[in-house]
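Trainee: Build the 3D model from these lines:
(one chain, ligands or ions: 1)
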Amino acid sequence: MFDDLKRHAAGIADRRIETLFDSSDRAEDFSVRLGDMLFDYSKTNIDEAGRGLLLDLLDRAEVAVKRDAMFNGQAINETEGRAVLHTALRNLDGGPVLVDGHDVMPGVLETLARMEDFASAVRDGRFAGQGGKITDVINIGIGGSDLGPAMAVKALAPYHDGPRCHFVSNVDPADIADALRACDPATTLVIVASKTFTTIETMTNARTAKAWMGESVADPAAQFAALSTAKDKTAAFGIDASRVFGFEDWVGGRYSMWGPIGLSLMIAIGPEAFRAFLRGGQAMDRHFQHAGWAENMPAMLALVGLWHNQVLGHATRAVLPYDNRLARLPAYLQQLEMESNGKGVSMDGADLAFDSGPVVWGEPGTNGQHAFFQLIHQGTRVIPCEFLVAARGHEDELHHQHQLLVANCLAQSEALMRGRTLDEARDKVAEKFDGAELERQAKHRVFPGNRPSTTLAYPQLTPEVLGQIIALYEHRVFVEGVVLGINSYDQWGVELGKELATALQPIVEGGDASGKDGSTAGLVGFLRGNGL
Ligand SMILES: O=P(O)(O)OC[C@H]1O[C@H](O)[C@H](O)[C@@H](O)[C@@H]1O
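Mentor: Residues are numbered from 1 along each chain as shown. Purely as a prediction, here's the structure:
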């Protein structure tokens, strides 16, 4: 799949990225626009020929055919026999979407309308707690039932005019305890978010929250809502059907924030802003469906990823939002990308002949600059960086501070590309040192440069722009997955640990650990000896 590209890469191995800018319109040529969003991949070593070979991958993998199959509701999640239709959740004014001949859109729009009614009632007090208007919402969920809304509530803080939102995910009792301590049970709404309504962490925390509420209010279940595909289980938990917002198995957990799983976000920012978020996602869908590949933002973002990770062999990529409210975006993308494309076999079960998706990590800038950027600039491994930056923030009176942020973002990608030569480093320290000491000191100040990065720039982090960004990354994952020939929509790799945890529970509660391996038995013994 990547042989031609690897040969091409070998041929340009010594070429420096900045020399590509000798052709003056490179910045324009090697960037993609969608409305007022710009994806600039000119600071990579991709040239015209390389781009041509990358674009060939899309044809060879029949990405267009598979994209249409996804949007048309075919069961492209082959190992689970399911359609993949999170796009239907934001198909606000689109046409019918058929699954097995049945149009899912009336159901999607009806659920959206019910969510809007409920969110409005919570926000304006028509739905109240037993002690009055809802002041706090606790979303209990994990993975895809947590990371999306948690990331987005933080991202859209300037639009947050509803009750406070708390997100509890971890089975560690510290997580729920901290949230409950901050809330008054009589004015708190608990949302239990779980596609399956079986996830041990979520169900454990939900029971803890119900008991906590039951100590203070007469009818704790009345202050619970549920977001799930399993209505029998939400009923068994005691949550009235009027506060259950269902979805179908064709919405994957990590793709689910556009529907009921987004309820906490909708309560926080209001139905109108939530619709703007959906509209942003839908705009990216339309672009992905209709733009030619070279002008197609998700496709080009995917090809840059494949170039860096599969062709050049860089094992990780850093996501670096110079947008502090996107602090949870790297964690969100870790699930989206790594749970989707961290697979070792192709769709037909054959061992993958190349690397699976990369390790994704990151933190907002400028914080990262004072922490791990050292390694990105001077470490021996190349880490492709993906910067995100807005033209303006929401703090008009502090715009000069925003400009400083932008200057830092642009400086980092420039520094990564240019680096600093030994001669330049010598000049830096020539006044202080001479002779062998000058050489030694200068060496430490050399930056190899030639390190690739991309920048996604947008006017402002509005709900609509956030919707575009999230849908962009979703489609990027799709394209990479199709080219790699894997199923991006299952997650069998999370099962084994869950099974073993279930088997270990009786042992950590005091059972016999002797059947376990020496390390596991030893750790149980140590922890028991220290209060387990
Ligand atoms: O929403 P739930 O059914 O509770 O699932 C929550 C999460 O747990 C699972 O282990 C999966 O790995 C995730 O993809 C999922 O988002």
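Trainee: Contact partners for the closest residue to the ligand within the stretch 301-450 of the chain?
Mentor: Closest contact between the stretch 301-450 of the chain and the ligand, by C-beta to the nearest ligand atom, is at residue 339 (5.7 Å). For glycine as for every other residue, the C-beta is placed from the backbone atoms N, C-alpha and C. Applying C-beta atoms under 8 Å, 6 or more residues apart in numbering to residue 339 gives the contacts 143, 254, 491, 493-494.
Trainee: so where do the helices sit in the stretch 101-250 of the chain?
Mentor: Secondary structure of the stretch 101-250 of the chain by DSSP state H, counting those that start in this stretch: the helices cover 105-124, 147-155, 173-181, 200-214, 231-236.
Trainee: Pick the most buried one from those helices.
Mentor: Comparing the helices of the stretch 101-250 of the chain by mean neighbour count (mean count of other C-beta atoms under 10 Å), helix 147-155 comes out on top with a mean of 25.
Trainee: That one vs the ligand: in contact?
Mentor: No: Helix 147-155 is not in contact with the ligand by C-beta under 6 Å from any ligand atom; minimum separation 8.1 Å.
Trainee: pLDDT on that helix, on average?
Mentor: Across helix 147-155, pLDDT averages out at 98.
Trainee: Nearest spatial neighbour of whichever residue of the stretch 151-300 of the chain sits closest to the ligand, chain-adjacent residues omitted?
Mentor: Residue nearest to the ligand within the stretch 151-300 of the chain: residue 253 (2.8 Å; C-beta to the nearest ligand atom). Excluding the flanking residues, the one nearest residue 253 by C-beta to C-beta, 6 or more residues apart in numbering is residue 144, at 3.0 Å.
Trainee: related to what we said a few turns ago, just give me the neighbour total for the residue of the stretch 151-300 of the chain closest to the ligand.
Mentor: 25 (other C-beta atoms under 10 Å).
Trainee: which residues touch the residue nearest to residue 253?
Mentor: 195, 252-257, 261, 335.
Trainee: Tell me which of those fall in helices.
Mentor: Counting by DSSP state H, no part of those is found in helices.
Trainee: What separation do you get for the spatially most central residue of the chain and residue 386?
Mentor: Centroid-nearest residue in the chain, with C-alpha atoms, centre = their mean: residue 333, separated by 2.3 Å. Residue 333 sits 9 Å away from residue 386, going by C-beta to C-beta, to the nearest Å.
Trainee: Which neighbours do the two have in common?
Mentor: 319, 362.
Trainee: what's the angle from the lengthiest helix in the chain to helix 147-155?
Mentor: In the chain, assigned by DSSP H, the helix with the most residues is helix 463-484. Angle of helix 463-484 versus helix 147-155, following axes from the mean of the first three to the mean of the last three C-alpha atoms, to 10 degrees, is 140 degrees.
Trainee: Within range of the ligand, give me the residues from the stretch 301-450 of the chain.
Mentor: Applying C-beta under 6 Å from any ligand atom, we find that the stretch 301-450 of the chain lies next to the ligand at residue 339.
Trainee: Low-confidence bits of the stretch 301-450 of the chain, can you list those?
Mentor: Judged against pLDDT under 70, the stretch 301-450 of the chain has no low-scoring part.
Trainee: could you pull out the helices for it?
Mentor: 329-333, 340-341, 373-378, 399-418, 422-429, 435-444.
Trainee: Any chance of a markdown table for those, columns distance to residue 22?
Mentor: Below are the helices of the stretch 301-450 of the chain laid out as a markdown table (distance: least, C-beta to C-beta, whole Å):
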| stretch | distance to residue 22 |
| --- | --- |
| helix 329-333 | 34 |
| helix 340-341 | 35 |
| helix 373-378 | 24 |
| helix 399-418 | 14 |
| helix 422-429 | 20 |
| helix 435-444 | 28 |
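Trainee: And those: which comes nearest residue 8?
Mentor: helix 399-418 (20.0 Å; C-beta to C-beta).
Trainee: and the angle from that closest one to helix 422-429?
Mentor: Interaxial angle of helix 399-418 relative to helix 422-429 (the same axes, to 10 degrees): 130 degrees.
Trainee: Give the buried residues for helix 399-418.
Mentor: 402, 405-406, 409, 412-413, 415-418 (16 or more other C-beta atoms under 10 Å).
Trainee: can you check stretch 43-52 too?
Mentor: For stretch 43-52, by 16+ other C-beta under 10 Å, it's 43-47, 50-51.
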